[in-house]
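> Provided below are the primary sequence and the corresponding predicted coordinates.
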Amino acid sequence: MKWLSALFLLMLTGTGGAELLPPARSYKILMLLPIGSKSHRNVFMPLVEALAERGHKVDMLTSYDIQHPNPNITEIRHGLPHFPRASINMFNDANTAFGIVLTFKDQLTKMARDIYRVPQVKELYRKRKEYDLIVLNQHYNEFMYPFVHEMPFITITTPGMDPRQSAALGNVPSPAYVPTLFYEANCEHVLGRLANAIAGIVKPFYWRNWEVIPAVQKEINIHFPDLPPLLDLERNLSLVLLNSHFSTDLTVPLLPSQVEVGGMHCRPAKPLPEDLRSWIEGAGSAGVIYFSLGSITRGNTLPTKYRNMFIEAFSKLNQRILWKFETDLEGIPENIMISPWLPQQDILGHPNVRVFISHGGRLSLQETLYHGTPMVTLPLFGDQPTNGARVVANGWGLSLKYEDLSVDLIISSLEEVMKNTKYVENVVKTSRLYRDQVTSPVEQAVFWTEYVIRHRGAPKLRSPAVSLSWVQLLLLDVLALFLLVIILSLLILWWIFKKVLSAAFGEKYLKKKSE
Ligand SMILES: *[C@@H]1O[C@H](CO)[C@@H](O)[C@H](O)[C@H]1NC(C)=O
Ligand SMILES: *[C@@H]1O[C@H](CO)[C@@H](O)[C@H](O)[C@H]1NC(C)=O
């Protein structure tokens, strides 16, 4: 047993250099992320690649036509057109949260209807029990739960802690300080907490019990009439890998089955291609502003009015600007360089890059914090507004609203973030905290993924709260019993009181009193 204690020591004393032991054998792992933007796939890939390098075989069901160079990774594309991400224009599309939920209901129901008719998916479903583990993208993929019936499975939560899913594991976060996903509430104020508590009940109820999941369930029942309900299948979830970390996100109580692996994709900067390097370094002491609105908000969807504001503002700055923009722009000032693709992390890691104008997507935010670059965010949808608010609250930079934009505001915001050193100081402080971990987030994720396989679903991780009903979980039965005891005691006391009175003063006294 000497090797066993050696193994434990190795895990306990890892200081970033600790290596995971080689796996006992090569596992077969199925990853299901049939919907989700490219950034969801980007959250998965570092783990997928690490598992493949350790000799495991990973099959992935995705909506992207990509073939990974590693032969241990097979991407299977379902080819359904229900989430045509490339044609989405977030500046036009229903910007309201409610509008997005309604389109989701429609698209998810269609996915549930059609995906089990796709031959590749049918084939995967038929042989699903050959896998050692199924890994699901948590967000919007409830229609994939038939796959996990009688299988050990884990999920990856790309936007970090999701109170709704946390509750499914038996950890109901307190609405007093844990914000509902994609919802900004000022929890210091009683009305803010009220709104947060209501949102925390209404949103999951609407999604799970009222509108979205029931519609998806109907379609699933047609394909799989004998399966338990989707939400019952979900209760067997072994573990969640959260794309968050307390150093960069909210500090919340977590179960052993909720493991924070935020920023798996963050990595040290690599040397830049020669043209980029010389251009960035040629900016001299004025430095460079890096501008990218992420993978969904493409250049051609950015309204011309805003585009022209940025061009005018940039022309008045001493800095050079690196702008990720998908189409050509005629007649732009000399200090702007445009490119449809830029190596973001290598740019953020360059010391001459002074500020990042970003859409405030979670992955970009994590990279920015990892590399210690202050930012100006321009949130548009999803978790971006909440992320923008976090940027301001933590002093990592500023956040602007599109409707407020003007040339002067762009210039003054950029100058404030570059001149006031508090932003860079705050970002560097967070970066140090984030990097100070026992092992890298990817190693954490690999360890826990293999752990669930080694221990066949690791049932010991499960909180006993999962098997309680909500009445039991909220102690309502105890409360009811407590009330009953109090009421009974009061009745008995009253009865004794009456007896004592009548014994002392006789029946007549009581009668007289009541007349
Ligand atoms: C693929 O897996 C095998 C073992 O199954 C391993 O020997 C090999 O190194 C892996 N290949 C890559 C490129 O990671
Ligand atoms: C629950 O998970 C375990 C393994 O983690 C599996 O053996 C069992 O069949 C699952 N139960 C259901 C109902 O899916």
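Alright, I've got the coordinates. Ligands and ions are numbered 1, 2, ... in the order given.

> only C-alpha atoms for contact and neighbour calcs from this point on.
Will do.

> all strands for the stretch 351-500 of the chain, in order.
Along the stretch 351-500 of the chain, the stretches classed as strands by DSSP state E, counting those that start in this stretch are 353-358, 375-377, 397-399.

> Distance from the chain centre to the last one, please.
For strand 397-399, the distance between its averaged C-alpha position and the chain's averaged C-alpha position is 21 Å (Cα atoms, centre = their mean, to the nearest Å).

> Repeat that for stretch 215-234.
That offset, for stretch 215-234, works out to 25 Å (Cα atoms, centre = their mean).

> Now that stretch: buried residues?
215, 216, 217, 219, 220, 221, 223, 229, 230, 231, 233, 234 (16 or more other Cα atoms under 10 Å).

> Could you do stretch 248-255 as well?
For stretch 248-255, by 16+ other Cα under 10 Å, it's 248, 255.

> now what about that stretch, what contacts it?
171, 173, 178, 246, 366, 369, 430, 434, 463 (Cα atoms under 8 Å, 6 or more residues apart in numbering).

> redo that, cut-off 7 Å
Contact with stretch 248-255 is made by 171, 430, 434, as judged by Cα atoms under 7 Å, 6 or more residues apart in numbering.

> would JSON lines of these with neighbour count, pLDDT and distance to ligand 2 be doable?
Formatted as JSON lines, the contacts of stretch 248-255 follow (neighbours: other Cα atoms under 10 Å; pLDDT from 0 to 100; distance: Cα to the nearest ligand atom, whole Å):
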{"residue": "171", "neighbour count": "19", "pLDDT": "93", "distance to ligand 2": "19"}
{"residue": "430", "neighbour count": "20", "pLDDT": "97", "distance to ligand 2": "37"}
{"residue": "434", "neighbour count": "18", "pLDDT": "96", "distance to ligand 2": "32"}
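
> Helices - which of these land there?
Secondary structure from DSSP state H places 430, 434 of the contacts of stretch 248-255 in helices.

> between the contacts of stretch 248-255, which is closest to ligand 1?
residue 434 (28.0 Å; Cα to the nearest ligand atom).

> Skipping adjacent residues, who's closest to the closest one in space?
Computed as Cα to Cα, 6 or more residues apart in numbering, the closest residue to residue 434 that is not its neighbour in sequence is residue 247, at 5.3 Å.

> number of nearby residues for that neighbour?
16 (other Cα atoms under 10 Å).

> ranges for the helices of the stretch 301-450 of the chain?
Secondary structure of the stretch 301-450 of the chain (DSSP state H, counting those that start in this stretch): helices at 304-315, 344-348, 362-371, 384-393, 407-419, 421-435, 441-454.

> and those, which is most packed in?
helix 362-371 (a mean of 24; mean count of other Cα atoms under 10 Å).

> who does it touch, helix- and strand-wise?
helix 344-348, helix 421-435 (3 or more Cα pairs under 7 Å, 6 or more residues apart in numbering; DSSP states H and E).

> Reformat those helices as CSV; add distance to residue 314.
Listed next are the helices and strands packed on helix 362-371 as CSV, based on distance: least, Cα to Cα, whole Å:
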stretch, distance to residue 314
helix 344-348, 19
helix 421-435, 21
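
> so where is the stretch 251-400 of the chain shaky, pLDDT-wise?
For the stretch 251-400 of the chain, the stretches with pLDDT under 70 are 297-299.
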